[in-house]
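Asker: predicted model follows, preceded by the sequence.
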Amino acid sequence: MITAEVRPDLASYYNQDCDPKNLAPLWEVLHTFARSTPYSDCQPYIWHYDEIRDTLLKSADLITAEEAERRVLILENPGMRGRYRVTTSLYAGLQLIMPGEIAPAHRHTQSALRFIIEGSGAYTAVEGEKTIMSEGDFVITPSWTWHDHGNETDSPMIWLDGLDVPLIETLDVTFAEQYPNKIHPTTRPNGDSIARYGSGLMPVDHQQQNGASPVFNYPYARTREVLEQMRKTEEWDLCHGLKLRYVNPDNGHYAMPTIGTFMQLLPKAYETSIYRCTDATVYSVVEGSGRSVIGGQAFEWGKRDHFVVPCWAPQCHVANEDAVLFSFSDRPIQVGMGIWREDRAGA
Ligand code: GTQ
């Protein structure tokens, strides 16, 4: 590699000829972006729920949901501290909403998912439709849709937020708006979207909107039933156990254009074969417990824990008891760009 270190005569060319004209020599940096395999600052990591739950609840003594707008502790990848991201392209946080609280209505270009971790009965309202949330439900607030959250129950509610914040920041396309009132008016009955679009049917003249699913809430009870149904035929995938992806009934793609979501079942004692893929993935443990080896590091996990698998890091999982894992990643973008890869060499 030719650099100014081995060719001091180049230094004055860089400093005097190139730099004042905002020019930079490619040959000094080509190796940093033409790599033979991916490099990432993202590290494998786990947040054990029993170690962070009290810290999250403590925030309710210090700030209200309304003051905070969203009372969330961000899951910051230790390799990227201060950059509010869990992987290079995605944000994750745990949101707490106490009884009687409202997280006021707003909209933004970032797409968001909610995955319900603890509690039930609070709602997310999306474009005038409320959806009541229970543990294990997967709820979306697509780009530029008005949304507010409220807890009309008498216990705290905690969910995982997944957003494409870092990705949208890279593209510079950040717009956000506050709704003039705390709550967006309700214009459709609860359960409207899943009734219309979530049963293999849709209104005949329905027009696809923004690439996101017209279904806002994919309830856990239904998802779990599908896994149980698939278990009957015992078609276990060596790398994944039984794995589903959430689908947009409009186009067969993922529920949102930038974030792919998945749910998988690993039966007791199942040990997956070594696998890797290019979409760094955040896992949320819904049921059971187990152990994963990610990029050579071992992690023990249980219900409500969250862990990260970086891009191209080898992963394998073993379940101590029947385990159910929710996960999300930027796979739809990578697939759309034709750059997504997986390596099932271990299978
Ligand atoms: O609930 O709308 O974790 O706007 C970060 C930004 C949640 C939300 C987050 C948000 C939200």
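Answerer: Nice, thanks for sending it over.

Asker: for the residue in the chain positioned nearest to the ligand, which residues make a bridge with it?
Answerer: Relative to the ligand, the nearest point of the chain is Asp161 (3.4 Å; CB to the nearest ligand atom). Every residue, glycine included, has its C-beta placed from N, CA and C. Beta-bridge partners for Asp161, by DSSP bridges, are Gly93, Arg114.

Asker: that one: how many residues sit nearby?
Answerer: Per other CB atoms under 10 Å, the neighbour tally for Asp161 reads 19.

Asker: and what of Lys232?
Answerer: Neighbourhood size, Lys232 [other CB under 10 Å]: 7.

Asker: which residues touch Arg341?
Answerer: 277-278, 312 (CB atoms under 8 Å, 6 or more residues apart in numbering).

Asker: hmm, 7 Å instead?
Answerer: Contacts for Arg341 (CB atoms under 7 Å, 6 or more residues apart in numbering) come out as 277-278.

Asker: for it, give its distance to Tyr275.
Answerer: As for Arg341, its distance to Tyr275 is 12 Å (criterion: CB to CB, to the nearest Å).

Asker: do the same with Glu287
Answerer: Following CB to CB, the distance that separates Glu287 from Tyr275 is 21 Å.

Asker: send me the longest helix along the chain as CSV with only the CA atoms.
Answerer: Ranked by residue count and defined by DSSP state H, the top helix of the chain is helix 49-62. Extracted C-alpha coordinates of helix 49-62, given in CSV (Å, rounded to 0.1, in the frame of the first residue of the first chain):
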residue,chain,number,x,y,z
TYR,A,49,-33.8,-7.9,32.4
ASP,A,50,-33.4,-8.5,36.1
GLU,A,51,-30.3,-6.2,36.1
ILE,A,52,-32.0,-3.3,34.3
ARG,A,53,-35.7,-3.4,35.3
ASP,A,54,-35.2,-1.5,38.6
THR,A,55,-33.1,1.2,36.8
LEU,A,56,-35.9,1.6,34.3
LEU,A,57,-38.6,1.8,37.0
LYS,A,58,-36.5,4.4,38.9
SER,A,59,-36.8,6.7,35.9
ALA,A,60,-40.5,7.1,36.7
ASP,A,61,-39.6,8.8,40.0
LEU,A,62,-37.5,11.3,38.2
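
Asker: and that helix, average pLDDT?
Answerer: The predicted model assigns helix 49-62 a mean pLDDT of 98.

Asker: and for stretch 65-73?
Answerer: If you average the pLDDT values across stretch 65-73, you get 94.

Asker: what does it contact?
Answerer: Here stretch 65-73 makes contact (CB under 7 Å, 6+ apart) with 55-56, 59, 63, 93-98, 101-104, 161.

Asker: output the set of residues of the stretch 151-300 of the chain in proximity to the ligand.
Answerer: Applying CB under 6 Å from any ligand atom, we find that the stretch 151-300 of the chain lies next to the ligand at 161, 163.

Asker: show me where the stretch 151-300 of the chain has strands.
Answerer: Ranges of strands in the stretch 151-300 of the chain, per DSSP state E, counting those that start in this stretch, are 157-163, 176-178, 217-218, 242-245, 260-266, 276-277, 281-287, 290-294, 297-301.

Asker: who are the packing partners of the helix or strand just after the last one?
Answerer: Reading on from strand 297-301 to the C-terminus, the next helix or strand found by DSSP states H and E is strand 306-309. The elements that strand 306-309 packs onto, with contact taken as 3 or more CB pairs under 7 Å, 6 or more residues apart in numbering; DSSP states H and E, are strand 45-47, strand 281-287.

Asker: perfect, I'm done here.
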